[in-house]
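1. structure, please.
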Amino acid sequence: MNTETYGGVYTEDGDLRKDIWFYEDPLLPMIMLKKYANITYKDGDVRRDPRGSNNLLVFRLSDIMLLRAEALFNLNDESGARNLVNKVRNRARLESLDNAVTGDELYDYTVMERQRETFAEGHAFWDLLRTGYIDYYNSVFTGSVTPGHAKFGMNYWPIPRIVFKDNLAMKQTPYWNGRL
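-> Below is the predicted model of the structure:
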């Protein structure tokens, strides 16, 4: 299996998502993300009033399938996890994972498959933080996270300040206390 980094995302040869989501300009040395490239302008050529005419992705079936695969792995159901990961990979025209892929290697594949599948949809940071892989991608977090256990509750979403106005007994997640 040959791999490469394309547009900052780890991909495998033949990954259909690479062709669907990225555009490589033949004249300029740049790669553009096509997922959200359908921009029109209300004022035409002046281009001062952009309007995104895309359907912005929030959650998708493959997103939920890969979350479930991670949960199944954590419940010691490796075959169930592998089955879901393979469904997502097969849809992207990639080969199924070999049955010899087990344990930590299967978990790594599950997390990385989710990174590839949900690229640029706002999930990557939180997934990497939750799973403990954040320090592989951002050295600022090195040592602050162990797989599956971010320190200080940083893997939990912060509670908006406005909520505390109505419930004085509520407390902010320790990591986010004072950071909002």
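2. contacts only, for the residue sitting nearest the centre point of the chain.
-> Nearest to the mean C-alpha position of the chain, counting by C-alpha atoms, centre = their mean, stands Ala124 at 3.1 Å. Counting by C-beta atoms under 8 Å, 6 or more residues apart in numbering, Ala124 touches Gln115, Thr118. (C-beta placed from N, C-alpha, C; glycine too.)
3. average pLDDT for stretch 113-120?
-> Average pLDDT, stretch 113-120: 85.
4. whoops, stretch 67-84 was the one
-> In the prediction, stretch 67-84 has an average pLDDT of 96.
5. now do stretch 19-29
-> 73.
6. and the next element down the chain from the lowest-mean-pLDDT helix or strand in the chain?
-> In the chain, no helix or strand scores lower on mean pLDDT, DSSP states H and E than strand 149-150, which sits at a mean of 51. Toward the C-terminal end, the helix or strand that comes next after strand 149-150 (DSSP states H and E) is helix 161-166.
7. now do that next one: distance to the chain's middle.
-> Distance, stretch centre to chain centre, for helix 161-166: 29 Å (C-alpha atoms, centre = their mean, to the nearest Å).
8. same question for stretch 129-137.
-> Chain-centre distance of stretch 129-137: 11 Å, with C-alpha atoms, centre = their mean.
9. how long is it end to end?
-> Distance between the boundary residues of stretch 129-137 (C-alpha to C-alpha, to the nearest Å) amounts to 10 Å.
10. now that stretch: average pLDDT?
-> Stretch 129-137 carries an average pLDDT of 77.
11. before we move on, back to that, separation between the residue nearest to the centre of the chain and Tyr133?
-> Per C-beta to C-beta, to the nearest Å, Ala124 is found 10 Å from Tyr133.
12. same check, this time on Asn90
-> For Asn90, the distance to Tyr133 - C-beta to C-beta - is 24 Å.
13. between these two, point out the one with more neighbours.
-> For the pair Asn90 and Tyr133, the greater number of neighbours falls to Tyr133 (21 against 11), based on other C-beta atoms under 10 Å.
14. need the contact list for Leu72.
-> By C-beta under 8 Å, 6+ apart, the neighbours of Leu72 are Glu78, Gly80, Ala81, Leu84.
15. so which of the residues you listed belong to helices?
-> Among the contacts of Leu72, the members falling in helices (DSSP state H) are Glu78, Gly80, Ala81, Leu84.
16. returning to that earlier point: now, among the contacts of Leu72, which is nearest to Phe59?
-> Leu84 (15.5 Å; C-beta to C-beta).
17. residues contacting the nearest residue to the closest one once chain neighbours are set aside?
-> Residue nearest to Leu84 in three dimensions, not counting chain neighbours: Ala69, with 3.9 Å by C-beta to C-beta, 6 or more residues apart in numbering. Taking C-beta under 8 Å, 6+ apart, we find Ala69 in contact with Gly80, Ala81, Arg82, Leu84, Val85, Thr110, Glu113.
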